[in-house]
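# Sequence plus the predicted model coming up.
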Amino acid sequence: MPAIPGALPFSFAFDPASTALIVIDMQRDFIEPGGFGAALGNDVAPLQAIVPTVARLIAGARAAGLPVIHTRECHRPDLSDCPPAKRLRGAPALRIGDAGPMGRILIAGEPGAAIVPALAPLPDEIVIDKPGKGAFYATPLADHLARLGTRTLIFAGVTTEVCVQTTMREANDRGFDCLLAEDATESYFPAFKAATLAMIRAQGAIVGWTATTDAVLEALQ
Ligand code: TIU
């Protein structure tokens, strides 16, 4: 069984035949200027910077035959799946559903909701549109994973402490072993990323493991 001996908090053994890569919300709305992330007041440059690393991880997973699952945080055009509590929270420059430079913010089918071109899903890869921060809530993700026989999930994507951590916790509670590729995820807040990595692996991997993308790729070869 392959293992990542340098994973934290201890070596991570996994069977590639029952492992999938899940890439969370690498969408223009979070990564490019003019989208949702920027409307919330964030600098998107740190998120843009991980795109090549995520691309390497995706390429390695594909080469090893792992399913690659992509998620997108987005809502129906009529906003029927967007709780007012989500849309009205705070005072963003643009709210979910408002028209911005990349189309309506976080709306399915709009240019901003698309995954960045460098990480575009292949035609046969699963793409999960999710209305929440977690990818299991109100989506068919659990059904897809059951059909694939997946027991282990490798995570990448944005943002570390919001959609990635929420999904990882949802998966952990559902019995999956979870590992986060620590340089293939990013936050708008460096301290939040560091804290998330620490809390995932604390208490004997209470949520899961972390490892570098290079270590994951080495184990997959
Ligand atoms: N705002 C923020 O950090 N994240 C989100 O709203 N969604 C995701 O993390 N994808």
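Nice, I can see it. If you're wondering where the values come from, they're calculated on a predicted model, not measured in any experiment.
# mind listing what the residue nearest the centre of the chain touches?
The chain has Ile24 as the residue nearest its centroid, 1.7 Å off, counting by CA atoms, centre = their mean. Counting by CB atoms under 8 Å, 6 or more residues apart in numbering, Ile24 makes contact with 71, 135, 155-158, 163-164, 167, 185. All C-beta atoms are positioned from the backbone trio N, CA, C, and that covers glycine.
# In the protein, which strand is the longest?
strand 177-186 (DSSP state E).
# So is the very next helix or strand once past that one next to the ligand?
The C-terminal neighbour of strand 177-186 among helices and strands, as given by DSSP states H and E, is helix 190-205. No: Helix 190-205 does not reach the ligand (CB under 6 Å from any ligand atom); its nearest approach is 8.4 Å.
# how about the contacts of Ile24 in a markdown table, adding secondary structure, distance to the ligand and neighbour count?
Formatted as a markdown table, the contacts of Ile24 follow (DSSP: H, G, I helix; E, B strand; the rest coil; distance: CB to the nearest ligand atom, whole Å; neighbours: other CB atoms under 10 Å):
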| residue | secondary structure | distance to the ligand | neighbour count |
| --- | --- | --- | --- |
| Thr71 | strand | 8 | 25 |
| Ala135 | coil | 9 | 29 |
| Phe155 | strand | 12 | 27 |
| Ala156 | strand | 12 | 28 |
| Gly157 | strand | 7 | 29 |
| Val158 | strand | 6 | 28 |
| Cys163 | helix | 3 | 22 |
| Val164 | helix | 7 | 30 |
| Thr167 | helix | 9 | 27 |
| Thr185 | strand | 10 | 29 |
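# Report the separation between Phe36 and Asp98.
10 Å (CB to CB, to the nearest Å).
# neighbour-wise, which of the two wins?
Phe36 (27 against 15; other CB atoms under 10 Å).
# I'd like to check which residues are in contact with the closest residue to the more buried one other than its chain neighbours.
Excluding the flanking residues, the one nearest Phe36 by CB to CB, 6 or more residues apart in numbering is Asp29, at 4.3 Å. Going by CB under 8 Å, 6+ apart, Asp29 touches 35-37, 73-74, 102, 105-106, 112-113.
# run the last query once more with 6 Å
If you count contacts by CB atoms under 6 Å, 6 or more residues apart in numbering, Asp29 has them with 35-36, 106, 112-113.
# go on, Arg28?
Each residue near Arg28 by CB under 6 Å, 6+ apart is listed here: 35, 102, 112, 114, 116.
# what ranges do the helices span in this structure?
Along the chain, the segments classed as helices by DSSP state H run 28-31, 36-39, 45-48, 51-63, 84-87, 141-148, 165-173, 190-205, 213-220.
# out of these, deepest packed?
helix 28-31 (a mean of 27; mean count of other CB atoms under 10 Å).
# so how far is that helix from its chain's centroid?
12 Å (CA atoms, centre = their mean, to the nearest Å).
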